[in-house]
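**Q** Quick one, what's the 3D model for this:
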Amino acid sequence: MTNKPAPLGRRILAALIDMIMIVTIVQFLLILISKSPLGDPTRDFIVLQNSYLAQHSLGEYVTSNGVTSFMQYTSITSEQVELFNSFAINNNEYMNAYNKYLDSYFWNSVLAIFVVEFILLGIIPFFSKHYQTCGKVIMKLGVIDEKYDMHLSTKNRIFRFLGSFV
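**A** Numbering: from 1, shown residues only. Alright, predicted model coming up:
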């Protein structure tokens with residue numbers, strides 16, 4: 001008995017399940033990274049913002065239970081926002097802290113996405129019986145070769161593994 005290709009809708013749904021899993025796990029990893037002492041470049045950034053805001057009696061950023069929020073002391077006018085923007089743009093120390101924050105978030109995101117995709121789209125399917133990702137397992141789908149054979153050759157598995165990163 002030969003196996004037939006699954007309908008396009010089921011294959012798309014399996015891919016969506018995989019992507020939702022990847023995004024969820026990446027977001028969780030980014031939260032863990034940001035809570036580690038090495039992964040949080042926001043401290044310098046928030047200290048500089050707080051010093052400016054305290055000097056002008058506008059408010060402060062407060063961190064409680066890992067969540068940073070802004071506590072406003074008075075209503076902030078558009079003129080005060082412009083003054084803060086001018087301060088931020090013209091202050092090298094502030095801009096360096098801000099750029100460090102953006103760089104760190106970018107590279108942490110790239111690393112998390114690569115690791116999660118490597119595991120979910122590369123390692124797990126490579127060693128599964130029918131080269132299935134988690135989405136394909138949920139949708140009860142398997143990967144078949146051009147002869148509609150469920151057992152992929154090692155060569156096909158390696159090409160699919162390498163292709164999952166492109």
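**Q** what are the ranges of the helices in the protein?
**A** 8-35, 42-55, 78-90, 92-117, 124-127, 134-138, 154-163 (DSSP state H).
**Q** For the fifth one, which outside residues touch it?
**A** Yep, that's helix 124-127 we're talking about. 131-134, 136, 143, 157, 160-161, 164 (CB atoms under 8 Å, 6 or more residues apart in numbering). Backbone N, C-alpha and C define where each C-beta goes, glycine included.
**Q** I'd like to know how many residues surround Phe84.
**A** When neighbours are defined as other CB atoms under 10 Å, Phe84 has 16 of them.
**Q** in stretch 46-53, what's buried?
**A** 46, 48-49, 53 (16 or more other CB atoms under 10 Å).
**Q** where does the chain have low pLDDT?
**A** Along the chain, segments meeting pLDDT under 70 span 1-3, 35-45, 63, 66-68, 146-151, 164-166.
**Q** OK, contacts around the spatially most central residue of it?
**A** By CA atoms, centre = their mean, the mean C-alpha position of the chain lies nearest to Val26, the distance being 4.2 Å. Residues near Val26 by CB under 8 Å, 6+ apart: 109, 112-113, 116.
**Q** Check Thr133 too.
**A** 14, 18, 120-121, 124-125 are the contacts of Thr133 under CB under 8 Å, 6+ apart.
**Q** can you do 10 Å?
**A** 14-15, 17-18, 21-22, 120-122, 124-125, 139, 141, 143, 164 (CB atoms under 10 Å, 6 or more residues apart in numbering).
**Q** Could you export the buried residues of stretch 46-53 as CSV, including distance to Ser78?
**A** Converted to CSV, those look like this (distance: CB to CB, whole Å):
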residue, distance to Ser78
Ile46, 23
Leu48, 22
Gln49, 18
Leu53, 16
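**Q** Out of those, which comes closest to Tyr101?
**A** Tyr101 has its nearest neighbour among the buried residues of stretch 46-53 in Ile46, at 9.3 Å by CB to CB.
**Q** which residues does the nearest residue to the closest one once chain neighbours are set aside bridge with?
**A** Closest residue in space to Ile46, ignoring its immediate chain neighbours: Tyr61 at 4.9 Å, by CB to CB, 6 or more residues apart in numbering. Beta-bridge pairing of Tyr61 under DSSP bridges involves Phe70.
**Q** Now for Tyr61, how many residues are close by?
**A** Tyr61 has 15 neighbours, counted by other CB under 10 Å.
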